[in-house]
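Engineer: Next come a sequence and a model predicted from it.
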Amino acid sequence: MDIFLEFFGTTGFASITWGNSIMILIGIAFIMLAIMKDYEPLLLVPIGMGAIVGNIPTGPGMGLGVNDTGSVLYYLYFGVSQGVYPPLIFLGIGAMTDFSTMLSNPKLVLLGAAAQVGVFLTFLGAFWLGFTKAEAGAIGIIGGADGPTAIFLAAKLAPKLLGAIAIAAYSYMALVPVIQPPIMRLLTTRKERLIRMAPPRKVSKREKMIFPVAAFLISTFIAPGAVVLLGMLFFGNLLKESLVTERLARTARTAMIDVVTILLGFSVGASTQAEYFLTSQSLQIFGLGALSFAIATAGGVMFAKFMNLFLTEKINPLVGAAGVSAVPDSARVVQMVGQQEDPHNFLLMHAMAPNVAGVVGSAIAAGVLWSVLT
């Protein structure tokens, strides 16, 4: 019996807490949402499994968690804590992104910019709640609906809040089909949702090749803090559009981004250890993140309505909701809501313009916040 009791004392059953149990259930819920509802499975499955792994109690002195120097999870998490994984994700995104819809109708870029209002209003809200300016900036970027950007900025400005910010950002990215449609319907009339837009013009190969270099120079002179994220994004796009580095582009958008996504998702999930994650600050971050995402969605829709006051060729305001950078889910939601009103109205290609502009916009917003708040 003494041997059995000694053995039992070394098991996870003897030292598990309510907090560990809650986080394990949350991890299981993430996996179920990914499998049963198809909510961002490439993200939620690794994060959910990571949360389960990170909350298994271990014996004292074993040092297996992400915060234990020298452990395997510590080294995997290094890419998150030091901001290594996000630029690699951006490289892959750039290599799979077609900017031609944005280039064919440049005014739609403004919708991607307008959606960033959620970032800056949430920054003010977080600061009002008592977070430091740096922490408030890291929380505000959740409104960009861009997980890698949120992780990158949090690693620089608020490392202690990194786990909560990362989970909030990816959770709301996964819930785009749930959060956005009610806001879109509330802020638009049926007549506005039925607006049909002219097909985008064909963009030349020369324009596509010039764009990544020109856009990088312009955007990084505006926000030098975004040079790493935008440098990798536009480098990946140049690999795609140059037509002479297809092998590199294919690797960036397939094998490489898949490996980094697995490591990033699992590491972020493993960082949600109950003693660090289940705090009042985490709950505030989740609340502010939801508010930020809602404001960003509303900002894009309302700015499209504002633009229509001056345009002869009207924009369907639903397209403004794609200004958040959850690519391509926000654009798909625009297509879905639009076709619920008119099955023959195809908004996906139009929505991709503010959607990819939102990726650039959120990176610029992060660069501005980093530059100002450092």
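Structural biologist: It's in.
Engineer: can we go C-alpha only for contacts and neighbour counts from here?
Structural biologist: OK.
Engineer: longest helix of this protein?
Structural biologist: helix 280-308 (DSSP state H).
Engineer: how far does that helix sit from the chain's center?
Structural biologist: 13 Å (C-alpha atoms, centre = their mean, to the nearest Å).
Engineer: I364 and V228 touch, don't they?
Structural biologist: No: with contacts counted by C-alpha atoms under 8 Å, I364 stays clear of V228, the gap being 10.8 Å.
Engineer: Which one of those two is surrounded by more residues?
Structural biologist: I364 (25 against 18; other C-alpha atoms under 10 Å).
Engineer: how near is that one to E192?
Structural biologist: Distance of I364 to E192, computed by C-alpha to C-alpha, to the nearest Å: 30 Å.
Engineer: What of A366?
Structural biologist: In terms of C-alpha to C-alpha, A366 sits 32 Å off from E192.
Engineer: higher neighbour count, the two?
Structural biologist: Each of A366 and E192 has its neighbours counted (other C-alpha under 10 Å); A366 has more, 27 against 16.
Engineer: Once you drop chain neighbours, what's closest to S292?
Structural biologist: Using C-alpha to C-alpha, 6 or more residues apart in numbering and skipping residues adjacent in sequence, the residue nearest S292 is G143, 4.4 Å away.
Engineer: again, but for P41
Structural biologist: Using C-alpha to C-alpha, 6+ apart, the nearest residue to P41 is A34, at 4.3 Å.
Engineer: mean confidence score for the helix or strand encompassing that neighbour?
Structural biologist: In this assignment (DSSP states H and E), A34 forms part of helix 18-36. Average pLDDT, helix 18-36: 93.
Engineer: Please shift the residue numbers so they start at 859 in all later answers.
Structural biologist: Let's use 859 as the start, then, which means that last one is helix 876-894.
Engineer: Give me the helices and strands touching it, please.
Structural biologist: helix 899-912, helix 1132-1135 (3 or more C-alpha pairs under 8 Å, 6 or more residues apart in numbering; DSSP states H and E).
Engineer: Let's see that with 6 Å instead.
Structural biologist: Counting contacts by 3 or more C-alpha pairs under 6 Å, 6 or more residues apart in numbering; DSSP states H and E, helix 876-894 packs against helix 899-912.
Engineer: If you count neighbours, what's buried in the helix it packs on?
Structural biologist: 899, 901-912 (16 or more other C-alpha atoms under 10 Å).
Engineer: Relative to F1204, which of those is nearest.
Structural biologist: F1204 lies nearest to P899 out of these, by C-alpha to C-alpha, at 25.6 Å.
Engineer: I figured that closest one hits L891, correct?
Structural biologist: No: the criterion here is C-alpha atoms under 6 Å, and P899 misses it with L891 at 7.9 Å.
Engineer: Pick out the residue closest to the middle of the chain.
Structural biologist: Centroid-nearest residue in the chain, with C-alpha atoms, centre = their mean: D1004, separated by 2.0 Å.
Engineer: Now the phi/psi pair for it, please.
Structural biologist: Taking degrees, to the nearest 10, you get phi -130, psi 100 for the backbone angles of D1004.
Engineer: And it, how far from A1032?
Structural biologist: 11 Å.
Engineer: again with R1111
Structural biologist: Taking C-alpha to C-alpha, one finds R1111 at 20 Å from A1032.
Engineer: Neighbour count: those two, which is higher?
Structural biologist: Each of R1111 and A1032 has its neighbours counted (other C-alpha under 10 Å); A1032 has more, 24 against 21.
Engineer: contacting residues around that one?
Structural biologist: For A1032, the contacting residues are Y897, E898, by C-alpha atoms under 6 Å, 6 or more residues apart in numbering.
Engineer: Could you check the pLDDT of it?
Structural biologist: 81.
Engineer: next one: G1123
Structural biologist: Predicted confidence (pLDDT) for G1123: 93.
Engineer: Just the element for it, please.
Structural biologist: Per DSSP H and E: helix 1115-1128 holds G1123.
Engineer: Could you check that helix and say which residues are buried?
Structural biologist: 1115-1116, 1118-1128.
Engineer: What of stretch 1026-1042?
Structural biologist: 1026-1032, 1034-1035, 1037-1039, 1041-1042.
Engineer: got TSV for those, with secondary structure and distance to F1079 too?
Structural biologist: Listed next are these as TSV, based on DSSP: H, G, I helix; E, B strand; the rest coil; distance: C-alpha to C-alpha, whole Å:
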residue	secondary structure	distance to F1079
A1026	helix	30
A1027	helix	27
Y1028	helix	29
S1029	helix	32
Y1030	helix	30
M1031	helix	29
A1032	helix	32
V1034	helix	31
P1035	helix	35
I1037	helix	34
Q1038	helix	32
P1039	helix	36
I1041	helix	34
M1042	helix	34
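Engineer: Which one of these is nearest to V930?
Structural biologist: Y1028 (23.4 Å).
Engineer: Looks like that closest one contacts D1004 (just checking).
Structural biologist: No: the criterion here is C-alpha under 6 Å, and Y1028 misses it with D1004 at 7.7 Å.
Engineer: Moving C-terminal from the strand or helix carrying F1093, which element do we reach first?
Structural biologist: Of the helices and strands defined by DSSP H and E, F1093 is found in helix 1085-1099. Sequence order places helix 1104-1109 as the next helix or strand after helix 1085-1099, per DSSP H and E.
Engineer: buried set for stretch 955-974?
Structural biologist: 955-963, 966-974.
Engineer: do stretch 1196-1209 as well
Structural biologist: G1196, Q1197, N1203, F1204, L1205, L1206, M1207, H1208, A1209.
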